[in-house]
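> Pasted the sequence and its predicted model underneath.
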Amino acid sequence: MTLTLEQIESAILQLPSDEYQKLIEWFADLDYQRWDEQLEKDIANGKLEAFAKEAIAEFEAGNCRAI
């Protein structure tokens, strides 16, 4: 059974507050998991290599500060 976005939105609006909170937590966890997976793919494919080299060069040049 495939639901439309409108049906999903309508169902969310009908959730009791405790169920809504569980959904928010589940969705946040899913979002973080997918972000982590994409980051791992990007790292494996070398997409972040230029950023890493730039950050290391800035650090070695003393262009950093404690946060």
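Yep, that arrived. Numbering: from 1, shown residues only.
> how far out from the middle of the chain is stretch 25-32?
8 Å (C-alpha atoms, centre = their mean, to the nearest Å).
> Contacts made by it with the rest, please.
Around stretch 25-32, nothing counts as a contact under C-beta atoms under 8 Å, 6 or more residues apart in numbering. Heads up, the C-betas are built off the backbone N, CA and C, glycines and all.
> Which positions within that stretch qualify as buried?
Under the neighbour-count criterion of 16 or more other C-beta atoms under 10 Å, stretch 25-32 has nothing buried.
> buried set for stretch 6-20?
Buried-residue list, stretch 6-20, by 16+ other C-beta under 10 Å: empty.
> Quote the end-to-end distance of that stretch.
One end of stretch 6-20 sits 17 Å from the other (C-alpha to C-alpha, to the nearest Å).
> could you give the mean pLDDT of it?
Regarding stretch 6-20, the rounded mean pLDDT is 98.
> Off-centre distance for the element among helices and strands of the chain having the smallest mean pLDDT?
Sorting the helices and strands of the chain by mean pLDDT, DSSP states H and E puts helix 49-60 at the bottom, at a mean of 93. Averaging C-alpha positions (C-alpha atoms, centre = their mean) puts helix 49-60 23 Å from its chain's average.
> What of stretch 46-62?
Worked out by C-alpha atoms, centre = their mean, stretch 46-62 lies 22 Å from the chain centre.
> Equivalent analysis for stretch 57-67, please.
27 Å.
> ditto for stretch 16-24
20 Å.
> Would you mind getting the angle between the helix ranked longest in the chain and helix 49-60?
The residue-count maximum for a helix in the chain (DSSP state H) belongs to helix 17-44. Angle between the axes of helix 17-44 and helix 49-60 is 90 degrees (criterion: axes from the mean of the first three to the mean of the last three C-alpha atoms, to 10 degrees).
> Begin at 3, not 1, for the rest of this chat.
OK, 3 is where the count begins now, so the last one is helix 19-46.
> Can you report how many residues lie near Glu56?
By the criterion of other C-beta atoms under 10 Å, Glu56 has 10 neighbours.
> OK, contacts around it?
Contacts of Glu56 by C-beta under 8 Å, 6+ apart: none found.
> Look up how far Glu27 lies from it.
Computed as C-beta to C-beta, to the nearest Å, the Glu56 to Glu27 distance reads 36 Å.
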